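Undergrad: With the input below, show me the fold.
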Amino acid sequence: MTTTDAVVIGSGPNGLVAANLLVDAGWSVVVLEEQETPGGAVRSDGSVAPGFVHDTFSSFYPLAAGSPTIRDLRLEEHGLEWVQAPSVLGHSFPDGRWGVLHRDRAVTAAALDEHAPGDGDSWLALCETWDRVGDDLIRCLLSPFPPLRGGAGFGRRVLRPGGFELVREMLMPARSLTERLFRGDAARMLVAGNAAHADIGLEAPGSAAMGLLLALLGQTVGFPVPRGGAGELTAAMVRRLQSRGGELCLGERAEGVRVDGGRAVAVRTASRELTVRRAVIADVSAPGLYGGLVSWDDLPTRLRHRMGRFEWDPSTVKVDWALDGTVPWTGAPDASPGTVHIADSLDALSLSGGQVAAGLVPEQPFLLVGQMGVADPTRVPEGHEALWAYTHVPQQVRGDAGADRAGLRKIRGTWDASDLEAMAERIEQRIESRAPGFRDRITARRVLGPRELESRDGNLVGGAINGGTAGLHQQLVFRPVAGSGRPETPVKALYLGSASAHPGGGVHGACGANAARAALWHNKIQLPWRR
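TA: Prediction:
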C-alpha cells in the first residue's frame, strides 16, 4: 500500500500544474496517468511521417503565455523554449485577400486600415484599453469564483477610461460587437474567427469574450508554440515536478476514489490502493468524476439531478498532413502566420456554427489551420510543412448539410473510417480552394475523429475538447453545474481540477491551480505553524 499527501488523477496541463503547486508547498504527490505518455491534450509525436513532429491535439498557446500560473512555474528553467511564427494569425478570404494579425500592433492597424479606413484606429484603441486592464482581467477570469483577488485589481482599473466599455463588449454577441467596432471584414473576421474557437454562436451573448481575449492576447503575447512540439511543454512540467520529488506513474489508470465518512481517503488502480492523507485532485471530466470515479452513493442526490443537465461542447475532427513543400496559399502574406482561419464571410461563419448547433455536419466547415513548420522550423525537414486543420462537428449528428452538394459524400455521424475519409476530403477541398496545388504536396495524412481523440485522452469525450460547453449557462457559478464555480466537491478533500471546472477549456492551468490552492487552503498549509 502506498501512502501520500495527495494523488492527482490525470497528467494533462491542469493536473501537472496542480501537482507542481502541491510539491512546492512541501506535499508528497503521486500523479496517475492511464496513457503511456503524459500531457493529456498537450502532446506531440512523429507518427505521421518520419522527420515530422505533429501535435496530437492543441498547438498554439496564447493562454499559457498569458497565464500568471504558467509563467510563475518558470518552465524555461526546465527546458521550455517558446517560439513564434512571423505573424500571429491570418484569415484567408475566397478572393485571395487576407486579414493578418501581425506581431506589431502598428503593423496590424496599418494593414486593417488598407481594408477599411478607420479600422486601424479602432484596433489600436482596443489594444490601449487592454494595456490598462488586460492583466487584471486575465487574473479575474482565471481565479476561482468569486474572483476576489483578481477582481479587486480589475475593479480599480475598470474605472479608468474604456474599462467598463471593454467589459460590456465582452458580454456582447461577437457578431454585434465586430459590426459595431469595425467597417471592414478583415478586422471583423480576426475577432469573430477567434470567437468561433468556442462553441457559442456568434449571435449569442458572451460570444465576444473569447474573440476579444484571443485576439488581444495574440497582439500582446502572440500565439507561441514550444520548440520541438507541444509535448515539450508537458516535458518541462514533468521535469519540474520530478525535480521537486513528485512522482508520475504512466499506464496506471485510476479506477475509483474511496470515500469514508464523506471524505476522499484513497484512490484505487488495478494493482494497488493509494492512501491519501490530504487531497485528491481529479483532472478528469465532471461526468468522469461524478458517478464515475466516485459512486453516486457517496454524492448528493441533487448533484446527480444537476449532472443530468451537463452539456458537452461539440465534437472535433482533426487532420494532420506531412507536405513536401509549403502551403501554396493564394495571396499569401509576406509574414507567414502560424495560425490560419478559413471562412468565406461573417455570414458563412455564423452558418457553419449554426449548422453544428442544429446537429448538422457543415457543408463548408469553419477551419482552424496550423502551420507548424512556419511557427517552429525544427519540426520539419527543410522546405517542408507539418500542417493540421480541425473543425467542429455535432456531438449527435442529425444530418449532413452538404449531403446534396455535388462532389460531397454524405456523412452519417458514425465517425467510422468512411465518415472520417469523407470529412477529410471536405476539409482538404476547403484548403485547396484557398491554396491550389495543396493536395499535390501531401505525402502523409492522419485523421483523428471523435473516437480517436477520446481513445488518446479520456477527457475528450466524443471529441469534445473544452470539458463542456462554454455557453453562459455552464460558466462561472454554473460550471460544471449550477451552484459550482469553485473546485471543491461535495466530498471533502476531493477537488475537480479539469477543464470541466471554472474557468473552463484552454491551456492556462487555472483549473488545476485553483484546485491545488483550494486543497492547500483547506489543509491550512499556508500557516507555517501548521506545517
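Undergrad: For the stretch 351-500 of the chain, just list every one of the strands.
TA: 360-361, 367-371, 385-393, 399-400, 442-448, 494-496 (DSSP state E, counting those that start in this stretch).
Undergrad: Report the mean confidence score over the last one.
TA: The reference is to strand 494-496. The average pLDDT within strand 494-496 is 98.
Undergrad: Run through who's touching it.
TA: 257, 259, 264, 279-282, 286, 289, 294, 480, 487-489, 511, 515-516, 518-519 (CB atoms under 8 Å, 6 or more residues apart in numbering). In this view, the C-beta of every residue, glycine as well, is placed from N, C-alpha and C.
Undergrad: Show the subsequent helix or strand relative to the helix or strand of the chain with the lowest mean pLDDT.
TA: Ranked by mean pLDDT, DSSP states H and E, the weakest helix or strand in the chain is helix 148-158, scoring a mean of 53. Downstream of helix 148-158, the first helix or strand assigned by DSSP states H and E is helix 163-170.
Undergrad: Show me what counts as buried in the next helix or strand after that following helix.
TA: Later in the chain than helix 163-170, the nearest helix or strand by DSSP H and E is helix 174-181. Within helix 174-181, the residues scored as buried using 16 or more other CB atoms under 10 Å are 174, 175, 177, 178, 181.
Undergrad: Just the C-alphas of stretch 338-349, formatted as PDB.
TA: Output in PDB follows, covering the C-alpha atoms of stretch 338-349 (Å, rounded to 0.1, in the frame of the first residue of the first chain):
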ATOM      1  CA  GLY A 338       1.300  30.200 -37.800                       C
ATOM      2  CA  THR A 339      -2.500  30.000 -37.400                       C
ATOM      3  CA  VAL A 340      -4.900  30.400 -40.300                       C
ATOM      4  CA  HIS A 341      -8.700  30.700 -40.200                       C
ATOM      5  CA  ILE A 342     -10.800  29.700 -43.300                       C
ATOM      6  CA  ALA A 343     -14.300  31.000 -43.500                       C
ATOM      7  CA  ASP A 344     -15.800  32.900 -46.500                       C
ATOM      8  CA  SER A 345     -17.500  35.600 -44.500                       C
ATOM      9  CA  LEU A 346     -19.200  36.600 -41.300                       C
ATOM     10  CA  ASP A 347     -22.400  35.100 -42.600                       C
ATOM     11  CA  ALA A 348     -20.700  31.900 -43.500                       C
ATOM     12  CA  LEU A 349     -19.100  31.700 -40.100                       C
END
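Undergrad: In stretch 202-217, which residues are buried?
TA: Quick answer for stretch 202-217 (16+ other CB under 10 Å): 202, 204, 206-217.
Undergrad: can you list the weak-confidence ranges in the stretch 151-300 of the chain?
TA: Within the stretch 151-300 of the chain, the ranges that satisfy pLDDT under 70 run 151-164.
Undergrad: can you map out the strands along it?
TA: Using DSSP E, counting those that start in this stretch, strands in the stretch 151-300 of the chain cover 225-226, 247-250, 256-260, 263-268, 273-282.
Undergrad: mind listing what the longest one pairs with, with the direction of each?
TA: Just to be clear, that refers to strand 273-282. Strand pairing for strand 273-282, determined by DSSP bridges: strand 2-9 (parallel), strand 263-268 (antiparallel), strand 494-496 (parallel).
Undergrad: Please tell me how far the residue lying closest to residue 97 once chain neighbours are set aside sits from residue 317.
TA: Of all residues not flanking residue 97 in the chain, residue 331 sits nearest, at 6.3 Å (CB to CB, 6 or more residues apart in numbering). From residue 331 over to residue 317 the distance is 27 Å, taken as CB to CB, to the nearest Å.
Undergrad: So between the two, which is more surrounded?
TA: residue 317 (26 against 11; other CB atoms under 10 Å).
Undergrad: which residues of the stretch 351-500 of the chain score low on pLDDT?
TA: Looking at the stretch 351-500 of the chain by pLDDT under 70, you get 406.
Undergrad: mind running it again at 90?
TA: 402-408, 472-473, 475-477, 482-485 (pLDDT under 90).
Undergrad: Which secondary structure state does the closest residue to residue 87 other than its chain neighbours sit in?
TA: Excluding its sequence neighbours, the residue lying closest to residue 87 (CB to CB, 6+ apart) is residue 335, at 4.0 Å. Following DSSP: H, G, I helix; E, B strand; the rest coil, we place residue 335 in the coil state.
Undergrad: Check residue 335 and give its pLDDT.
TA: Confidence score, pLDDT, at residue 335: 97.
Undergrad: Which of the strands of the stretch 351-500 of the chain sits closest to residue 21?
TA: Among the strands of the stretch 351-500 of the chain, strand 494-496 comes nearest to residue 21, with 11.9 Å by CB to CB.
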